[in-house]
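Enquirer: Structure for the following, please:
(2 chains)
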Amino acid sequence: MTTTPPASQDAADAEVRPILEVEGLTKEFGTSSSSGRWSLGKRTAGPPLVAVDDVSFTVARGETLGIVGESGCGKSTLVRAVLRLLEPTSGTIRFDGIDVRALDAEQLRHLRQRIQIVFQDPYGSLDPRMSALQIVREPLDVHAVADASERDGRAARMLELVGVPASQHRRRPHAFSGGQRQRIGIARAAVLNPELVFLDEPVSALDVSIQAQVLNLLSSLREELGLSYVFIVHDLAVAEYFCDRVLVLYRGAVMESAPSKSLFKAPLHPYTASLLSAVPVPDPEVAQRRRRLVLPGQVTPRAAGATGCRFRERCPVGHGREVCRTTDPELIVTEVGHQVACHFPGEILAENRSLVGEEA
Amino acid sequence: MSDVSDVSGVSEARSSPQPVTGATDDGVVLSVRDLVAVFDGGRRRPPVQAVRSISFDLHRGERLGLVGESGSGKSATALAILGLLDPPGRVLGGTVMLNGRDLRTLGDRAMQKIRGKEISLVYQDPMSALDPVKTIGYQLIEVIRAHDHSISRAAARRRAAELLTDVDVSQADRRLDDYPHQYSGGMRQRVMIAVALANNPDVIVADEPTTALDVTTQAQVLSLLDRLATDRGSAILLITHNLGVVAGFCDSVRVMYAGRLVEGASTRALFKLRAHPYSDALLRSAPRADRIISGPLPAIPGAPPDLAALGPGCAFEPRCPVGHGRELCRTTAPPVHTLPDPAGGERHTECHFAEEQIELAAAS
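Expert: Numbers count the residues shown, from 1 in each chain, chains lettered A, B, ... in the order given. The predicted structure follows:
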């Protein structure tokens, strides 16, 4: 960037500026300060539940950030809070430098041309009465993009790009297979030329052979359209394959964040390590050889004001340790790009050399 | 069709090393032969051929994995075995021998006695199998008393609490009075396992029992299922789409595609080498946690065939890396090839070009 002449400094900033910066984002349910429409309503007894707790991350242009965690870890709430489909309790969200929380409804609507979302269930999110072409054309109509006469052509080109041939554009969702429906959902998200796309478990409902097709499609669109992705996924093998960087969430907070290669090779947080060790590996010899860390219990929501590490009850490292009981560990940087919230980072690795299986 | 593929009896006590000669073989607890099931398509529509003449044996204490994608016929197989295939589904033919009796010849009442006692089912979605307006305790006691009319309510309640304790539900006596929605997904699945195992069945059919669960809960549930089945000497037919689960859990595998068992082998032999192009492609197409894959995933092109409009050839031909476009594959259903299984017994594959596939798989 040093070669950029001063006159276009703004443009240069835009290039290096992350597409999305989230800082200290918190979403509580059951508080009077949260928007009444979305709160859990009548819940009066006890402290509020913290679904997303002081989460910060950035997404660079062209980057794919994976967000992984078990059900109930807050990944969906996090995405909805970032998109302001749920009003955050506190924190800041900057999209391309714009303060998203300061926008009014009209400005927000306008911004949503640049941020799109693909849902897990392509059937539930496609209008059954509309044809594939109408579904993909609709966002162009809503945002009045291009001349009305050009919109059909643009929608048709996008459908062909995602692998739905012209002969099928007049069909309705029910006439497509799950994989084809997901292609239509992707075309609808991509037709507005967004810069950032949230992918909420886009391949979880698909068969393995179809999942590979859709992942390949998403990765070629990333190249061709220069997209950035935030990929919500529970399948760690998919996260490792598809994402540049991964954020591991547990009970609403970031436990670990790192480039996917180093996260999967050497997880520092006992939660990440346990998740990895539980992923079934399609090789009976590896399955027999590796050590499994079976976590007791399951994820429960965390009440506001709770103390200590949120993972300690299930933790193979910190269970029973004083500091884990009393002090919530902060996210510390262990090396460039690698952050972990644990009092004893890496201890799990020293004890378990073959959590995932084969040495690389 | 001979269909035997066991781990040798030396190292794995729970499998029988003998080849199967008939349903009378004493190592075999469940023997399915030429099972055919369809779903009627309504007026003027041809039926969907969900299960197209499959045969396999399940040995005492064995863990057999039935792997396939949605629509491959694996759940229809499970329901057909248990006599639970409801219209528009129908079993058209074949035998299902359990402990030497053909379940297909039995009436509803006789089947009700056998289900839950000699053979039981664990569903994918425990919420749909549990009644939301009755307590867990009520439902457990109902199952216990259905098969033991002489047991008192109090004794049945004690037995129910024991069952919950067996499946690692803490404070079992108190939790008997909870409703299903007060249990987490993993706990509900453990209750279903408790129900399925309540009467020490010989065979447990588990239809995607962990698909709806997180990986950590999946690991808990699978190890629980394995431990309890081992204690009771129950065999498990595990229906799944996840080859990773098979690798960690099963002694042997059958791979199902378009209603046929296209490949069968011991788990070790199958993961070492796939003798059918579909099994091979399926294994390669998924990202794995234990190795790094870069570049595009080797996806299987196209989609599974319409089972109401199958041609005369191999159902996998349009998507097959080995057979696509070949005259023989397009026109003729592949015969069964039988090969020795390195783990003992035999393995089989339904492919015209099995030798070619094996060479390809061995070379890569």
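Enquirer: going forward, measure contacts and count neighbours with C-alpha atoms only.
Expert: OK.
Enquirer: Tell me which residue is most central in the chain.
Expert: Went with chain A since none was named. For chain A, the residue nearest the mean C-alpha position is A:Ile232 (3.2 Å; CA atoms, centre = their mean).
Enquirer: Chain B, not that one
Expert: B:Ile239 (2.9 Å).
Enquirer: pretty sure it is in a helix, no?
Expert: No - secondary structure assignment (DSSP: H, G, I helix; E, B strand; the rest coil) places B:Ile239 in strand, not in a helix.
Enquirer: so it bridges to which residues?
Expert: B:Leu66, B:Asp207 (DSSP bridges).
Enquirer: which ones are touching it?
Expert: By CA atoms under 8 Å, 6 or more residues apart in numbering or on different chains, B:Ile239 lies in contact with B:Gly65, B:Leu66, B:Val67, B:Lys74, B:Ser75, B:Val205, B:Ala206, B:Asp207, B:Glu208.
Enquirer: cool, B:Leu163 as well?
Expert: Contacts for B:Leu163 (CA under 8 Å, 6+ apart) come out as B:Ala194, B:Val195, B:Ala198.
Enquirer: any idea how far it is from B:Leu228?
Expert: 11 Å (CA to CA, to the nearest Å).
Enquirer: now do B:Asp125
Expert: 20 Å.
Enquirer: same thing with A:Val230?
Expert: When A:Val230 is compared with B:Leu228 (using CA to CA), they lie 41 Å apart.
Enquirer: swap in B:Tyr278?
Expert: B:Tyr278 sits 33 Å away from B:Leu228, going by CA to CA.
Enquirer: go on, B:His337?
Expert: B:His337 is 36 Å from B:Leu228, by CA to CA.
Enquirer: all strands in the chain, in order from the N-terminus.
Expert: No chain in the question, so chain A it is. A:20-29, A:49-59, A:64-68, A:90-95, A:98-99, A:115-118, A:196-200, A:228-232, A:245-250, A:253-259, A:302-303, A:332-335, A:338-340 (DSSP state E).
Enquirer: oops, I was thinking of chain B
Expert: Using DSSP E, strands in chain B cover B:28-39, B:48-59, B:63-67, B:89-98, B:101-102, B:119-122, B:203-207, B:235-240, B:252-257, B:260-266, B:336-340, B:346-350.
Enquirer: centre of the chain versus the first one, how much separation?
Expert: Averaging C-alpha coordinates over strand B:28-39 and over its chain gives two centres that are 12 Å apart (CA atoms, centre = their mean, to the nearest Å).
Enquirer: Just want the angle from it to strand B:235-240.
Expert: Following axes from the mean of the first three to the mean of the last three CA atoms, to 10 degrees, one obtains 30 degrees for the angle between strand B:28-39 and strand B:235-240.
Enquirer: In the chain, where is pLDDT below threshold?
Expert: Here I'm looking at chain A. A:1-15, A:31-46, A:122, A:351-360 (pLDDT under 70).
Enquirer: look at chain B instead
Expert: In chain B (pLDDT under 70), the answer is B:1-26.
Enquirer: Run through the residues that contact the residue in chain A that chain B sits nearest to.
Expert: Across chain A, the shortest distance to chain B (CA to the nearest CA) belongs to A:Pro282, at 3.8 Å. A:Pro282 makes contact with B:Leu243, B:Gly244, B:Val245, B:Val246, B:Ala247, B:Gly248, B:Phe271, B:Leu283, B:Arg288 under the criterion CA under 8 Å, 6+ apart.
Enquirer: number of nearby residues for the nearest residue in space to the fifth one that is not next to it in sequence?
Expert: What sits nearest to B:Ala247 in space, not counting adjacent residues and going by CA to CA, 6 or more residues apart in numbering or on different chains, is A:Pro284, at 4.5 Å. Residues within reach of A:Pro284, counting by other CA atoms under 10 Å in any protein chain shown, total 24.
Enquirer: Against A:Gln116, how distant is A:Pro284?
Expert: From A:Pro284 over to A:Gln116 (counting by CA to CA), the distance is 40 Å.
Enquirer: wouldn't A:Phe264 be in contact with A:Glu240 here?
Expert: Yes - in this structure, A:Phe264 is within contact of A:Glu240 by CA atoms under 8 Å, at 6.9 Å.
Enquirer: Quick check: neighbours shared by the two?
Expert: Joint contacts of A:Phe264 and A:Glu240 (CA under 8 Å, 6+ apart) are B:Ala289.
Enquirer: Mind naming the longest helix for the chain?
Expert: By default, I'm working from chain A. Determined from DSSP state H, the single longest helix within chain A is helix A:208-225.
Enquirer: Correction: the question concerned chain B.
Expert: Using DSSP H, we find that the single longest helix of chain B is helix B:215-232.
Enquirer: So is that helix next to chain A?
Expert: Yes - on the criterion CA under 8 Å from any CA of the partner chain, helix B:215-232 is in touch with chain A at B:Val215, B:Thr216, B:Thr217, B:Gln218, B:Ala219, B:Gln220.
Enquirer: Quick check: of those residues, which lies closest to B:Cys320?
Expert: Relative to B:Cys320, the closest of these is B:Val215; by CA to CA it sits at 31.3 Å.
Enquirer: count of neighbours near the closest one?
Expert: The number of residues near B:Val215, taken as other CA under 10 Å, comes to 25.
Enquirer: Pull the contacting residues for it.
Expert: By CA under 8 Å, 6+ apart, the residues touching B:Val215 are A:Glu70, A:Leu275, A:Ala278, A:Val279.
Enquirer: Swap in 6 Å and give it another go.
Expert: A:Ala278, A:Val279 (CA atoms under 6 Å, 6 or more residues apart in numbering or on different chains).
Enquirer: State the distance from it to B:Gly259.
Expert: According to CA to CA, B:Val215 stands 29 Å off from B:Gly259.
Enquirer: Specify the beta-bridge partners of A:Thr58.
Expert: A:Glu21.
Enquirer: doesn't A:Ile19 make contact with it?
Expert: No - with contact defined as CA atoms under 6 Å, A:Thr58 does not reach A:Ile19; the gap is 7.7 Å.
Enquirer: More neighbours: those two, which one.
Expert: Set side by side, A:Thr58 and A:Ile19 show more neighbours around A:Ile19, with 21 against 17, by other CA under 10 Å.
Enquirer: Please identify the residues of the stretch 101-250 of chain A in proximity to chain B?
Expert: Contacts of the stretch 101-250 of chain A with chain B, taken as CA under 6 Å from any CA of the partner chain, map to A:Asp207, A:Ser209, A:Ala212, A:Gln213, A:Asn216, A:Ala237, A:Val238.
Enquirer: With neighbour count as extra columns, can I get the residues you listed in JSON lines?
Expert: As requested, these are exported to JSON lines (neighbours: other CA atoms under 10 Å in any protein chain shown):
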{"residue": "A:Asp207", "neighbour count": "20"}
{"residue": "A:Ser209", "neighbour count": "25"}
{"residue": "A:Ala212", "neighbour count": "25"}
{"residue": "A:Gln213", "neighbour count": "21"}
{"residue": "A:Asn216", "neighbour count": "18"}
{"residue": "A:Ala237", "neighbour count": "22"}
{"residue": "A:Val238", "neighbour count": "21"}
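Enquirer: which one of these is nearest B:Pro298?
Expert: A:Ala212 (7.2 Å).
Enquirer: which residues does B:Tyr257 contact?
Expert: B:Tyr257 makes contact with B:Ser72 under the criterion CA under 6 Å, 6+ apart.
Enquirer: And for A:Arg172?
Expert: When contacts are counted by CA under 6 Å, 6+ apart, A:Arg172 is found next to A:Met130, A:Ser131, A:Ala132.
Enquirer: What segments of the stretch 51-200 of chain B are helices?
Expert: Secondary structure of the stretch 51-200 of chain B (DSSP state H, counting those that start in this stretch): helices at B:74-82, B:108-114, B:126-129, B:136-147, B:153-166, B:172-175, B:185-197.
Enquirer: quick one: the fifth one to chain centroid distance?
Expert: For helix B:153-166, the distance from its own C-alpha centre to the chain's C-alpha centre is 29 Å (CA atoms, centre = their mean).
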